[in-house]
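Colleague: here is my input, please return the structure:
(chains A and B)
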Amino acid sequence: MPTIFEFEKPVVELECKITELKNFAREKNLNLDEEISTLERRLVALKAEIYGNLTPWQKVLMARHPERPSTRDYIERLFTDFIELHGDRCFGDDPAVIGGIGRFEGLPVTVVGHQKGHDTKENLACNFGMAHPEGCRKALRLMYQAEKFRRPVICFVDTPGAHCGIGAEERGQAEAIARNIRVMSTLKTPIIVIITGEGGSGGALALGVGDCVLMQEHAIFSISSPEACASILWKDASRAREAADALKLTADDLLRFRVIDEIVPEPLGGAHRQPAEATEILRKVVADKLETLKAFSIEELVSRRYQRYRGIGTEFLQEVT
Amino acid sequence: MVLDLFKKSKYITLRREGKTEIPDGLWVKCPRCNEILYTKDLERNLKVCQKCAYHFRLSAPERLKITLDPDSFHEYDSQLETADPLEFPQYKEKVTNARETTGLREAVVIGQGAINGYPLVIGVMDARFIMGSMGIVVGEKITRAIELALTKRLPLVIFCASGGARMQEGILSLTQMIKTSAALARFDEAGLLYISVLTDPTMGGVSASFGFLGDIILAEPGALIGFAGPRVIEQTIRQKLPEGFQQAEFLQNHGFIDLVVPRPKMRETLTTLLSLHLQEVK
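Modeller: Numbering: from 1, shown residues only, chains lettered A, B, ... in the order given. Got it, this is the predicted structure:
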């Protein structure tokens, strides 16, 4: 049973109507092509209307859609010769972060990403994409490896946040995130970050520093989940919708703040409705960005990366006299 | 009969309402051992409880006073303010309020000073200011402190005290973690010394950026240090947390802090560390 949100109901109803009409025409051998194509045109317009004007909270729901393509889904479609590499060489292998090497359009690359599942069973197996310190450290190890072999790094960000628990604290969650951020900020190889679903908090940053940060149209990127924000500020997690508005977490907001460089469009209705098309759109953008980054020397790249982050938000600083 | 006149027939009971508030700030109750402490004595003891060694939180001015040589401090960028980038509900009022109660413009004070004659760049956070949270101003000032230390080739000491990234500046607070860490990466490559001192509390976006990036990481006894807050963890795992969890000593035992240093020893420890890193002038 696919997940249908309340705001999608008019779309689904119209889709059902079209299917019914098509079946009816076939059964009765009638020519209803004109009626059908009218309805189909109306469907496209309706989808554009609904999905083009989602509220922040509706974006949150879309970003968390259980059928939304996961990092593993994208890896399977985008890369050839992919070999998964496990473990952080310190403590263990964190299933919430997957990584490895493969080819992107023929070019060897390192891939790391948060892994979320499509159902409860899968989610339990990968801890809902919430990394422990060993997940961060696995990603870090693979990034150092990429630097050594001069491979670009492609990061997929899709996490509600870093795991919160006793073991994670004992093994230095904060230290692991801090180290990843620092190392990524000067890693001597190109890094492309793609926010595909939820970019939540410090956990997202552990895989989220790069030369180019892309964000899918219906993804979100935020300091905390709207629920956590509402619970912290207003002691009331049920005010999450309000928090979603206040946090400015949509791709449009983030582009305006220059936190991301480009919005990657999704097929009408979201990436989960047409995963193959969503992947192809993504492939073109990533190929284009890699090509652009190739023009820079490593020194230029690292310096541009520094300036990119040095400047974010500075327009909101005021000097009073 | 006559004696009855002198007999106390009734006691007057006074109802205690909530916490005992002692007027005029003459006396303070230690939140850990409940000892009533004379404020003047407590201040003389660097705000460490004489009975149980509980470390009271310090304001940024108090910290600077007990850490630096007298009259050595020169403050930078004290005039920076945030423009409320997200136009977050009630945020402006909150900042105004924090300014009025603390007398500071933001949650961190940065500048140049000296400890026992050793010059350094210093940053001190103040937990009274919206829980020392990091928004664009805190991130910018910390970054400028790092850049200043880099330009002057001076050691850098940051006293952290923060609940984490500031919610009301959203994603822009989060990106301050990257900005400060990236500046520290450059500082690190230049071969300069950065000592971070984690004080109560150092959590979230501050511990997960410049907090844990020190060449040497010191902490004050009993300070709460970690990524996720204890209340959040308890709610998530529905379990009581072990005694001492996320306290400075716990982090030292788990290998994430170099040394827990009691406040009366801090200046001396910093002096020794600075002297050990003093580069010969050629």
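Colleague: next, count neighbours for residue 91.
Modeller: Here I'm looking at chain A. As a burial measure, A:F91 scores 14 neighbours (other C-beta atoms under 10 Å in any protein chain shown). Where C-beta positions appear, they are placed from N, C-alpha and C, glycine not excepted.
Colleague: switch to chain B, that's the one I care about
Modeller: Applying other C-beta under 10 Å, we find 21 residues neighbouring B:Y91.
Colleague: so who does it touch?
Modeller: The contact partners of B:Y91, taken as C-beta atoms under 8 Å, 6 or more residues apart in numbering or on different chains, are B:84, B:168-169.
Colleague: A:E147 too?
Modeller: A:E147 neighbours (C-beta under 8 Å, 6+ apart): A:187-189.
Colleague: before we move on, the earlier item: and the contacts of B:Y91 near chain A, which?
Modeller: B:84, B:168-169 (C-beta under 8 Å from any C-beta of the partner chain).
Colleague: format those as a markdown table; extra columns: neighbour count and secondary structure.
Modeller: Below are those laid out as a markdown table (neighbours: other C-beta atoms under 10 Å in any protein chain shown; DSSP: H, G, I helix; E, B strand; the rest coil):
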| residue | neighbour count | secondary structure |
| --- | --- | --- |
| B:D84 | 17 | coil |
| B:Q168 | 26 | helix |
| B:E169 | 30 | helix |
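Colleague: what pLDDT does the model give the nearest residue to B:S275 once chain neighbours are set aside?
Modeller: The shortest distance from B:S275 to any non-neighbouring residue, by C-beta to C-beta, 6 or more residues apart in numbering or on different chains, is to B:Y118 (6.6 Å). For B:Y118, the model assigns a pLDDT of 97.
Colleague: right, and B:Y118 touches B:L273 too?
Modeller: No. Using C-beta atoms under 8 Å, B:Y118 is not in contact with B:L273; the gap is 9.4 Å.
Colleague: so for the two, which sits in the more crowded spot?
Modeller: In terms of neighbours (other C-beta under 10 Å), B:L273 is the more surrounded of B:Y118 and B:L273; the figures are 20 against 17.
Colleague: for the stretch 51-200 of chain A, what lies in contact range of chain B?
Modeller: Residues of the stretch 51-200 of chain A lying near chain B (C-beta under 8 Å from any C-beta): A:162, A:164-166, A:168-175, A:177-179, A:181-183, A:185-186.
Colleague: ok, 10 Å please
Modeller: Contact residues, the stretch 51-200 of chain A versus chain B (C-beta under 10 Å from any C-beta of the partner chain): A:130, A:133, A:136, A:161-187, A:199-200.
Colleague: give me the common contacts of B:Y118 and B:L273.
Modeller: Listed as contacting both B:Y118 and B:L273 by C-beta atoms under 10 Å, 6 or more residues apart in numbering or on different chains are B:P155.
Colleague: returning to that earlier point: let's see the PyMOL selection covering just the buried ones among the contacts of A:E147.
Modeller: Of the contacts of A:E147, the buried ones go into a single PyMOL selection, burial set by 16 or more other C-beta atoms under 10 Å in any protein chain shown:
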select buried, chain A and resi 187+189
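Colleague: could I get the contacts of A:E147 as a markdown table with distance to B:Q247?
Modeller: Supplementary listing: the contacts of A:E147 in a markdown table, determined by distance: C-beta to C-beta, whole Å:
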| residue | distance to B:Q247 |
| --- | --- |
| A:L187 | 34 |
| A:K188 | 38 |
| A:T189 | 39 |
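Colleague: wait, A:Y74 sits on A:G113?
Modeller: Yes. A:Y74 is within contact range of A:G113, at 7.7 Å (criterion: C-beta atoms under 10 Å).
Colleague: now do the helices in chain A.
Modeller: Secondary structure of chain A, counting by DSSP state H: helices at A:9-28, A:33-51, A:56-63, A:71-78, A:120-125, A:133-148, A:166-170, A:173-186, A:201-205, A:226-234, A:240-247, A:251-256, A:275-294, A:298-311.
Colleague: mind checking these for the one nearest to B:I257?
Modeller: In terms of C-beta to C-beta, the element of those nearest to B:I257 is helix A:173-186, at 9.6 Å.
Colleague: low-scoring stretches of chain B, by residue?
Modeller: Within chain B, the segments meeting pLDDT under 70 span B:1-24, B:279-282.
Colleague: domain ranges for the chain?
Modeller: Just so you know, I chose chain A. Following automatic domain parsing, one gets these domains for chain A: A:6-53, A:60-313.
Colleague: please refer instead to chain B.
Modeller: B:16-56, B:57-276.
Colleague: quick check: the residue of the stretch 1-150 of chain A nearest chain B.
Modeller: The stretch 1-150 of chain A approaches chain B most closely through A:P133 (9.1 Å), counting by C-beta to the nearest C-beta.
Colleague: residues contacting that residue?
Modeller: Going by C-beta under 10 Å, 6+ apart, the list of residues near A:P133 reads A:88, A:90-92, A:94, A:162-163, A:167-177, A:179-180, A:206, B:227.
Colleague: change it to 7 Å
Modeller: A:168, A:171-173, A:176 (C-beta atoms under 7 Å, 6 or more residues apart in numbering or on different chains).
Colleague: now B:G163
Modeller: With C-beta under 7 Å, 6+ apart, B:G163 has these contacts: B:131-133, B:201, B:203-204.
Colleague: and for A:A230?
Modeller: By C-beta under 7 Å, 6+ apart, the residues touching A:A230 are A:236-237, A:239-240, A:242-243.
Colleague: if we use 6 Å, what do you get?
Modeller: A:A230 makes contact with A:236-237, A:239-240, A:243, according to C-beta atoms under 6 Å, 6 or more residues apart in numbering or on different chains.
Colleague: and for B:I171?
Modeller: A:223, A:259.
Colleague: what residues of the helix or strand where it lies count as buried?
Modeller: For B:I171, the element it lies in under DSSP states H and E is helix B:170-189. Neighbour-count burial for helix B:170-189 flags B:170-188 (criterion: 16+ other C-beta under 10 Å).
Colleague: pLDDT score assigned to A:E35?
Modeller: 87.
Colleague: pick the most deeply packed of the helices of chain A.
Modeller: Per residue and on average, the most neighbours among those fall to helix A:201-205, with a mean of 29 (mean count of other C-beta atoms under 10 Å in any protein chain shown).
Colleague: how far does it sit from the chain's center?
Modeller: 12 Å (C-alpha atoms, centre = their mean, to the nearest Å).
Colleague: CA atoms only: put it into PDB for me.
Modeller: The C-alpha trace of helix A:201-205 is given here as PDB (Å, rounded to 0.1, in the frame of the first residue of the first chain):
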ATOM      1  CA  SER A 201      21.300  18.700  12.200                       C
ATOM      2  CA  GLY A 202      25.000  17.900  12.900                       C
ATOM      3  CA  GLY A 203      24.500  14.400  11.600                       C
ATOM      4  CA  ALA A 204      23.900  15.800   8.100                       C
ATOM      5  CA  LEU A 205      27.000  18.000   8.400                       C
END
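Colleague: any idea which of the contacts of A:A230 the model trusts least?
Modeller: Comparing the contacts of A:A230 by pLDDT, A:A237 comes last, at 85.
Colleague: the nearest residue to B:E35 once chain neighbours are set aside: neighbour count?
Modeller: Leaving aside its sequence neighbours, B:E35 sits nearest to B:K51 (C-beta to C-beta, 6+ apart; 4.3 Å). When neighbours are counted by other C-beta under 10 Å, B:K51 registers 13.
Colleague: returning to that earlier point: can you lay out the helices of chain A as JSON lines showing distance to A:C155?
Modeller: Output for these, formatted as JSON lines (distance: least, C-beta to C-beta, whole Å):
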{"stretch": "helix A:9-28", "distance to A:C155": "32"}
{"stretch": "helix A:33-51", "distance to A:C155": "26"}
{"stretch": "helix A:56-63", "distance to A:C155": "17"}
{"stretch": "helix A:71-78", "distance to A:C155": "9"}
{"stretch": "helix A:120-125", "distance to A:C155": "21"}
{"stretch": "helix A:133-148", "distance to A:C155": "8"}
{"stretch": "helix A:166-170", "distance to A:C155": "20"}
{"stretch": "helix A:173-186", "distance to A:C155": "9"}
{"stretch": "helix A:201-205", "distance to A:C155": "10"}
{"stretch": "helix A:226-234", "distance to A:C155": "23"}
{"stretch": "helix A:240-247", "distance to A:C155": "22"}
{"stretch": "helix A:251-256", "distance to A:C155": "16"}
{"stretch": "helix A:275-294", "distance to A:C155": "11"}
{"stretch": "helix A:298-311", "distance to A:C155": "13"}
